[in-house]
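S.K.: Quick one, fold the following:
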Amino acid sequence: MTTSAAATASAPVPGQSIVNPDGTTNRIWLSSYVKGVAHDIDINKYQSLTEYFDECINKFRDRPGFVSIGTEMLNSRLDRLVKEFAGFLQSKGVKQGDRVAIMLPNTFQYPVALFAVLRIGAVVVNVNPLYTARELNHQLKDSGAETIIVMETFAKTLQDAQAGTQIKNIVLTQIGDLLADGFFNPKGWALNFILRKVQKMVPAYSLPTAIWMREALKQGAQVKVKSVVVKPDDLAFLQYTGGTTGVAKGAMLTHRNVLTNCQQALAFAEGQLTGETETVVTLIPMYHIFSLTVNGLIFMALGGRNILIANPRDTKRVMMILKNEKFSGITGVNTLFSSFLEDPAFRNLDFSKLKLSIAGGMALQRNVAERWKEVTGNAVVEGYGLTECSPIVTQAPVDISKPGPTFTGSIGVPVPSTEVRMRREDGTWADIGEPGELCVRGPQVMKGYWNRPEATAEVIDKDGWLATGDIGIIDDKGFCKIVDRKKDMILVSGFNVYPNEIEDVVAMHPDVKEVAAVGVPDDAAGERVKVIIVPRNPGLTKESVIEHCRKNLTGYKIPRIVEFRTEELPKSPVGKILRRELRDKK
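M.R.: Next up is the predicted model:
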């Protein structure tokens, strides 16, 4: 176990600086680590995510790696399909460094596409399948992706979004396509038929150049994958996140960024699990950075059996899946945990093997944490992260040998090889117990924003400190809390929503003169979007505004509250709308 001078320093008292006289960080949180957890990780352990993938597969080759719709996929089969799809991509001219968009829910197709793209040194562009054509068009144009893998359910959106993009290769798939190898796939056929013909979930579309994934795999099986040399600082992901300019920005995450974040989290969790197959329930879509790293990657190193839930909001179907499972881990956001607790079927599940319940993406509410512990017998471990940090920054120390912690509202302590400080508004470092903007430095911090050097410079200083936009405090044991938000960002069920994007869309309505978007507290989602509008036409209605938004915004971004005003909105001397004044006004 690596130690540092900071580890042996005497614990400071509230009001004392976290900065040592020589300018280094006094890592007071190390004393709060569970015994045996390394203070630092080896950032050079792996060269690439493919090396990491191969190590995991070879170690647990005969174990089931993923489960979808009641069907298991052995790691050996995953390995074969990844190589076949990688061969297909190379045969279509996809080169190292090219961006490849993946627009898939939690199904077998996602890990196959993910690791195939990484194997050939290309860059994964994760896309929310629920995006509107407008949102998808921006992401495809901004990333410069020429290839996309998309579930047929969302093919119409892609058709409507192609204008102005560089898309050349389209791979289509249906939800049941990979439930079996070869031609004979009765379960997959049945599911595909139900979605298409019974539930009518596939809108009519025209993508004449598209190829089906099963055919792509067949072609790829005839191709030998050409090896590529991937370096730790090469890009692995363009992970899009909202921006203050009103459009999503691509956070450039390197292989090193993501790999070190996996090691940081494993250092906390590894000693708490056994050598048996650990089953984890993956509720959050793996296009989300939290689920991608924690479920898609970290549990692979543990030989985990990953249950993929394509639609976690369908609580009834989720309960049907889980009633026959004894799962040892589950990850989710506060809203999902809350909805499960309301379902009698959830309370009747077998929790005898449950060891780790991890909440992320949004703040965990006290009543949800306490009810979860009461129902499952397992305390929820909360942490903090953001897309720009791959995503994990802090996590509550995990020690399953002791009774679960009571809810404190803390986001835990910095993970290994990570520094956290709070910065005052004047740019100096805050003392222990003093609020300031939470800043983080570590190997998991992104390279920057794709093609946006000015936006990168706004959040990452010359010393490598990333400003998160959240106001926090740190106590004398190194535990952190978020107390406020500096940015205007709205957090809905773990997803970032940026006011400028909402305002840009609402302002497109011909009857809107002025608009401001703010977040308001919500028991279920944490926050909901509210818009305050000065109408150009007094006949403008809430229904008209929401219908307009529905055509241009993903569901969680659509305003739930619409307020009309006759007077102009409050503004600064330079004409900027004062969102905080609107948000704080009762």
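S.K.: so what are the domain limits for the chain?
M.R.: The record's domain split for the chain, according to automatic domain parsing, is 5-38+418-485, 49-57+75-230, 490-584.
S.K.: what about Val393, which SS state?
M.R.: Per DSSP: H, G, I helix; E, B strand; the rest coil, the local secondary structure of Val393 is strand.
S.K.: That one and Ala265, how far apart?
M.R.: In this view, Val393 and Ala265 are 11 Å apart by CB to CB, to the nearest Å. Using the backbone N, CA and C atoms, a C-beta is placed for each residue, glycine as well.
S.K.: Glu382 now?
M.R.: Going from Glu382 to Ala265 by CB to CB gives 13 Å.
S.K.: and these two? which has more neighbours close in?
M.R.: Ala265 (26 against 23; other CB atoms under 10 Å).
S.K.: check which helix or strand covers that one.
M.R.: helix 255-269 (DSSP states H and E).
S.K.: same thing with Phe66?
M.R.: Counting by DSSP H and E, Phe66 is part of strand 64-68.
S.K.: just checking, what packs against that strand?
M.R.: Judged by 3 or more CB pairs under 8 Å, 6 or more residues apart in numbering; DSSP states H and E, the packing partners of strand 64-68 are strand 71-74, helix 75-91, strand 305-308.
S.K.: all helices of the stretch 251-400 of the chain, in order?
M.R.: Ranges of helices in the stretch 251-400 of the chain, per DSSP state H, counting those that start in this stretch, are 255-269, 289-291, 299-301, 315-322, 334-341, 344-347, 366-376.
S.K.: Below-threshold pLDDT in the protein: ranges please.
M.R.: Applying pLDDT under 70 to the chain flags residues 1-15, 242-247, 271-275, 400-406, 572-576, 585-586.
S.K.: Apply 50 and report the result again.
M.R.: By pLDDT under 50, the low-scoring segments of the chain are 1-12, 243-245, 574.
S.K.: Wait, Ala228 touches Gly121, no?
M.R.: If you look again at residue 228, you'll see it is Val, not Ala. Yes - contact status for Val228 versus Gly121: in contact at 4.0 Å, counting by CB atoms under 8 Å.
S.K.: These two - which one has more neighbours?
M.R.: Counting neighbours by other CB under 10 Å for Val228 and for Gly121 shows that Gly121 has the greater number, 25 against 17.
S.K.: and that one, what are its phi and psi?
M.R.: Main-chain dihedrals, Gly121, degrees, to the nearest 10: phi 80, psi 10.
S.K.: For it, which non-adjacent residue is closest in space?
M.R.: Gln96 (3.3 Å; CB to CB, 6 or more residues apart in numbering).
S.K.: ok so, going back, spit out the residues that contact Glu382 and Ala265 alike.
M.R.: The contact sets of Glu382 and Ala265 overlap at Gln395 (CB atoms under 8 Å, 6 or more residues apart in numbering).
S.K.: Strands of the stretch 351-500 of the chain, residue ranges please.
M.R.: Ranges of strands in the stretch 351-500 of the chain, per DSSP state E, counting those that start in this stretch, are 356-359, 380-385, 392-395, 413-414, 419-423, 436-441, 448-449, 466-474, 480-485, 490-492, 495-497.
S.K.: And the stretch 1-150 of the chain, by the same measure?
M.R.: Counting by DSSP E, counting those that start in this stretch, the stretch 1-150 of the chain has strands at residues 64-68, 71-74, 99-103, 123-126, 147-151.
S.K.: For the third one, which strands pair with it and how are they oriented?
M.R.: When sheet partners are counted by DSSP bridges, strand 99-103 sits next to strand 123-126 (parallel), strand 147-151 (parallel).
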